[in-house]
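S.K.: what's the 3D shape of this:
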Amino acid sequence: IVNVDSVVVAHLPKMEPYVEAMKENISDALSIKKENVNIKATTTEGLGFTGRREGIAAHAIVSLFKEG
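M.R.: Below is the predicted model:
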């Protein structure tokens, strides 16, 4: 794994206080540098189940490198 780029979609709770801890946990779990983990937060402006505050969604893209 080269890097991880992710988006958390939620109205509540605010993600900012948790972003650094999430980066550390993900980097530890994947054995990559914390600098190679990116986490962003957004809302859906009241649309869908996240907008109705019925849940949280997450999207992630991972870049891989094959040795050899």
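S.K.: ok, which stretches of the chain are strands?
M.R.: Assigned by DSSP state E, the strands in the chain fall at 3-9, 37-42, 57-63.
S.K.: so which bits of the second one are buried?
M.R.: To tie it back to what came earlier, the one meant is strand 37-42. For strand 37-42, the neighbour count (16 or more other C-beta atoms under 10 Å) marks 37, 39, 41 as buried. Any C-beta I mention is one placed from the backbone N, CA and C, and that applies to glycine too.
S.K.: sheet partners, orientation included, of that strand?
M.R.: Here strand 37-42 is paired, per DSSP bridges, with strand 3-9 (parallel).
S.K.: contacts for the lowest-mean-pLDDT helix or strand in the chain?
M.R.: None of the helices or strands of the chain scores lower by mean pLDDT, DSSP states H and E than helix 48-51, at a mean of 93. Residues from elsewhere that reach helix 48-51 (C-beta atoms under 8 Å, 6 or more residues apart in numbering): 9, 10, 11, 43, 44, 45, 55, 56, 57.
S.K.: can you rerun that using 6 Å?
M.R.: Contact with helix 48-51 is made by 9, 10, 44, 55, 57, as judged by C-beta atoms under 6 Å, 6 or more residues apart in numbering.
S.K.: need the max-distance pair from those residues.
M.R.: The most widely separated members of the contacts of helix 48-51, counting by C-beta to C-beta, are 44 and 55 (11.0 Å).
S.K.: have a look at the two and say which one is more surrounded.
M.R.: The neighbour count for residue 44 versus residue 55, taken as other C-beta atoms under 10 Å, is higher for residue 44 (14 against 10).
S.K.: state the distance from that one to residue 65.
M.R.: 33 Å (C-beta to C-beta, to the nearest Å).
S.K.: also residue 36?
M.R.: 11 Å.
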